[in-house]
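Asks: Build me a structure from this.
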Amino acid sequence: MYTKIIDIVDFPKSGKYVHCVNGNEILVLEIDGEFYAFDNLCTHEEWGLENGEVDNYEIECELHGGRFCVKTGRATCFPAVDPLSIYPIKSSGGSIYLELPLE
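Replies: The predicted structure follows:
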């Protein structure tokens with residue numbers, strides 16, 4: 001089930017938004033008008049990804065340089081090897097909706 005998390009007009013100009021659900025942080029990115037959602041923790045050292053650089057649909061962890069594909073969650077650069085959990089996301093009617101994990 002999709003749940004509204006934010007109106008598109010309120011989405012930060014930085015292209016990054018952290019949404020907390022069930023005690024977990026989910027990072028939402030906007031790239032070229034498309035939205036992507038995944039855990040806001042690097043799987044290598046459990047470091048927040050919200051300040052990481054985004055380039056060519058990859059986000060880089062600022063701590064050790066591990067990178068992940070924002071579309072699939074796949075780790076694309078060592079030292080990260082485990083994928084990120086990704087979440088279905090869509091925009092409709094001026095809002096962004098996320099399919100939230102069940103508790």
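
Asks: which residue sits closest to residue 24 in space, ignoring its chain neighbours?
Replies: residue 39 (6.8 Å; CB to CB, 6 or more residues apart in numbering). C-beta here means a position set from N, CA and C on the backbone, and glycine is covered the same way.

Asks: what's the distance between that neighbour and residue 96?
Replies: From residue 39 over to residue 96 the distance is 17 Å, taken as CB to CB, to the nearest Å.

Asks: now residue 73
Replies: Distance from residue 73 to residue 96, by CB to CB: 19 Å.

Asks: of those two, who's got more company?
Replies: residue 96 (22 against 18; other CB atoms under 10 Å).

Asks: For the more buried one, name its beta-bridge partners.
Replies: residue 6, residue 91 (DSSP bridges).

Asks: ok, the residue nearest to residue 24 - how many residues close by?
Replies: 21.

Asks: what number of residues lie near residue 100?
Replies: Going by other CB under 10 Å, the residues that sit close to residue 100 add up to 18.

Asks: Any buried residues in stretch 23-43, and which?
Replies: Under the neighbour-count criterion of 16 or more other CB atoms under 10 Å, stretch 23-43 has 26-30, 35-43 buried.
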